[in-house]
Structure formats: C-alpha cells, structure tokens
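>>> coordinates only, sequence not included:
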C-alpha cells in the first residue's frame, strides 16, 4: 500500500509538471488532479508549490534528498570521547558509553554506526594465547622448516609423513559442524534438541599417518588401553617402518621427515631413541599450534565428514570404513594439504 501511494504521488507530480509546462494555472491543475485521482491525494498548496517549481525550470519529479540534522559541536566532542573510550576498552556497551559521555543512547548509536562506522563482533575463542616466548619458538620452527621447503616440495613431499591420534565413534549420527544443527522454523516452533556425546558412547582411538601419496598406516588402540610410549614405539612406529620398507626397500624409514605434535607420548625417551636410531628427522612442532597440524585441519575433519551418518557394531567394521574413506581421498588433496601447511608456516 505504501509503495502504491509513492507511485501515485510520483505520477501526480509528473502530471503537474506537464500541465505547468503548458502554462496552466495551479487552480486548473488542482481541479484536474481531483477529477482524475480523487480528493485527498494532494492538497491545493502542494499542487501550487510543485507547479511553481516546474514553471521555474525544475526537471526532476522526485523529492529532494534530505540532508538530515547537522552534527552539533557537542556531538563532535562526544564522538572524540567515544573513540578514546573504545581504544581503552572495545567491550563497552551503548548504555555504558552514553553514561560516560553524557549523551543519549540513540546519539551514541548514531556516532558508532554513522560517524565511526564500527560494528560489534564477538571475539573468536582460541584454546591458548601464545606468550612472547612461544611466538618466538613458532617463528624459529617455521624458519627452520621453510629453509628445507624447496627440497621438500620439489618432488611433491616424497619423504614427509604426518600423524596423530583421533577418536572414531561407532555411531556417527551427530553433525560434524555446529552450523549443521541450524534449522528453519517459525516463531511458534520449538527449538530442536540434540544430545551431547557422553563418555559412555562407544568409540575407538586410532593412530593415523599419511604422506603425499595418501594413507600410510592406521593403527587401532586395543579396547581399554591408551597410547603409551612403549605402544607408540613397538606398534605404531614399527608399523610405519614396515610401510616405508615396502615403499622404499633400500632406505626404509631412514632420512624421512616426521611431524607429530608435542604429546608426552611422542616425546618419550624410548620413542626419540628409536627415531634417532632409524635416522628419522623429527620436525619440531611449536607449542599450542594446532593450526600447523594437517591431521587436525585436513585429514580428521575430512574423515569424520565422510563417516557422518554411519553406524557400526564391530571394531573391524570401523577399521574397514576408515581405510575405505582415507583411500578414497584423491592424491592431489594430500599434496595440497602439505602445500597449505607450508603456506601456513609463512604467516
């Protein structure tokens, strides 16, 4: 209805313009407007005003753009004060800023949106804020790895292997991302409920390693056990040694470059002794830097996305499903994961 009113007013002004150009008087034009459009659409004074404008040479039939209220000196002072307060603490609310500056909440809102052009966003949650020393360690690790980057990347990362541990559920019914829980609903509809996983839900711990060629090994941890230094050396790393023994029989695991995180199991003396005895180069992983782990940012999310919606009743079935999922990932995606890792190191 509002749109129709605006259209009629524009149409009437167009009619007034045409009649005014022909030299018709405002009285004649008003009479014609009433005859054509009916009473109440436009007053006699308004017709006179528009007729005078068009007779004076006005071309546009649209209303003039309103400039709005001029910014007063007090508003400018409030703007400067608000800017100072936000530099001190960007978490102030509109009400708090209004109280501190002595202006109304609407004025504060106007200054924030129109003058300062700022918006309020929620801070991103991260597990840890790195200390200066940890940041320095991250930079040093990145520089060391990037020095050998050209040799590593030259032949599509032939000697680089990454690995970590992850939990795999028997029933993968929960969406893999929180945004997947959103649904379209009316105002009267009830919010849907999703059960949170509990410790009693059946799951298996897997150690998975991959190279640029694809999946290297997947090792299930026996039921009721965790990964210890002895298990990691005697089962996981020895299986990885057999894998490289088949891939490159002459050198085997010798001189490969291994990247795993700083878990205590990975740093155990028996593990480091085994790797040094095999002449494996362990790439340093900076503390609290999960973004540099391609397992957490490529392999595991990809695996759990594929497994979403599937249910298994036996442990061998889970292992078979993991294997099928990981070998289905194209080789180019594994190579790209390593390329993205190097790119992340440069940031």
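Nice, thanks for sending it over. Keep in mind that this is a model prediction, so the values were computed, not measured.

>>> for the protein, which segments count as strands?
Taking DSSP state E as the criterion, the chain contains strands spanning 160-169, 203-211, 214-220, 257-259, 281-282.

>>> which among these is found nearest to residue 49?
The closest of these to residue 49 is strand 160-169. By Cβ to Cβ, the value is 74.2 Å. Placement of C-beta: from N, CA and C, glycine included.

>>> which neighbouring elements make contact with the closest one?
Using 3 or more Cβ pairs under 8 Å, 6 or more residues apart in numbering; DSSP states H and E as the contact definition, the elements that strand 160-169 packs against are strand 203-211, strand 214-220, strand 257-259, helix 300-307.

>>> pLDDT below threshold where in this structure?
Filtered on pLDDT under 70, the chain yields the residue ranges 1-7, 65-73, 153-155, 173-187, 194-200.

>>> domains of it?
Segmentation of the chain into domains, based on automatic domain parsing, reads 2-55, 73-115, 132-177+200-345.

>>> any chance of those domains in TSV, plus mean neighbour count and distance to residue 193?
Converted to TSV, the domains of the chain look like this (neighbours: other Cβ atoms under 10 Å; distance: least, Cβ to Cβ, whole Å):
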stretch	mean neighbour count	distance to residue 193
domain 2-55	15	41
domain 73-115	15	31
domain 132-177+200-345	16	12
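
>>> for the closest residue to residue 215 other than its chain neighbours, give its distance to residue 333.
Excluding its sequence neighbours, the residue lying closest to residue 215 (Cβ to Cβ, 6 or more residues apart in numbering) is residue 326, at 4.2 Å. Taking Cβ to Cβ, to the nearest Å as the measure, residue 326 falls 11 Å from residue 333.

>>> returning to that earlier point: closest one to residue 34 among the helices and strands packed on strand 160-169?
Closest approach to residue 34 among the helices and strands packed on strand 160-169 is made by helix 300-307 (68.7 Å; Cβ to Cβ).

>>> what packs against that closest one?
Right, helix 300-307 is packed against strand 160-169, helix 315-327 by 3+ Cβ pairs under 8 Å, 6+ apart.

>>> quick one, what contacts residue 232?
207, 265, 266, 268, 271 (Cβ atoms under 8 Å, 6 or more residues apart in numbering).

>>> ok, the first one - contacts?
Yep, that's residue 207 we're talking about. Contacts for residue 207 (Cβ under 8 Å, 6+ apart) come out as 163, 164, 165, 217, 218, 219, 221, 227, 232, 236.

>>> now do 10 Å
Contacts for residue 207 (Cβ atoms under 10 Å, 6 or more residues apart in numbering) come out as 163-166, 217-221, 227, 231-232, 235-237, 239-240, 260, 265.

>>> so which of the helices and strands packed on strand 160-169 is nearest residue 112?
helix 300-307 (37.3 Å).

>>> give me the nearest residue to residue 329, chain neighbours excluded.
Distances taken as Cβ to Cβ, 6+ apart place residue 302 nearest to residue 329, at 6.3 Å, with adjacent residues excluded.

>>> quick one: contacts for that neighbour?
Applying Cβ under 10 Å, 6+ apart, we find residue 302 in contact with 176, 325, 326, 328, 329, 333, 337.

>>> and which of those is nearest to residue 279?
Compare each of these with residue 279 using Cβ to Cβ and the shortest gap goes to residue 337, at 25.3 Å.

>>> pretty sure the closest one is touching residue 162, no?
Yes - in terms of Cβ atoms under 10 Å, residue 337 counts as a neighbour of residue 162; the distance is 8.4 Å.

>>> overlap in contacts of these two?
Counting by Cβ under 10 Å, 6+ apart, the residues touching both residue 337 and residue 162 are 210, 212, 294, 295, 298, 299.

>>> report the separation between the residue nearest to residue 118 when sequence neighbours are not counted and residue 101.
Nearest residue to residue 118, sequence neighbours excluded (Cβ to Cβ, 6+ apart): residue 112, at 5.5 Å. When distance is defined by Cβ to Cβ, residue 112 is 11 Å away from residue 101.

>>> kindly report the same for residue 117.
Plainly put, residue 117 is 18 Å away from residue 101 if you go by Cβ to Cβ.

>>> same question, residue 62
With Cβ to Cβ as the criterion, residue 62 and residue 101 are 38 Å apart.
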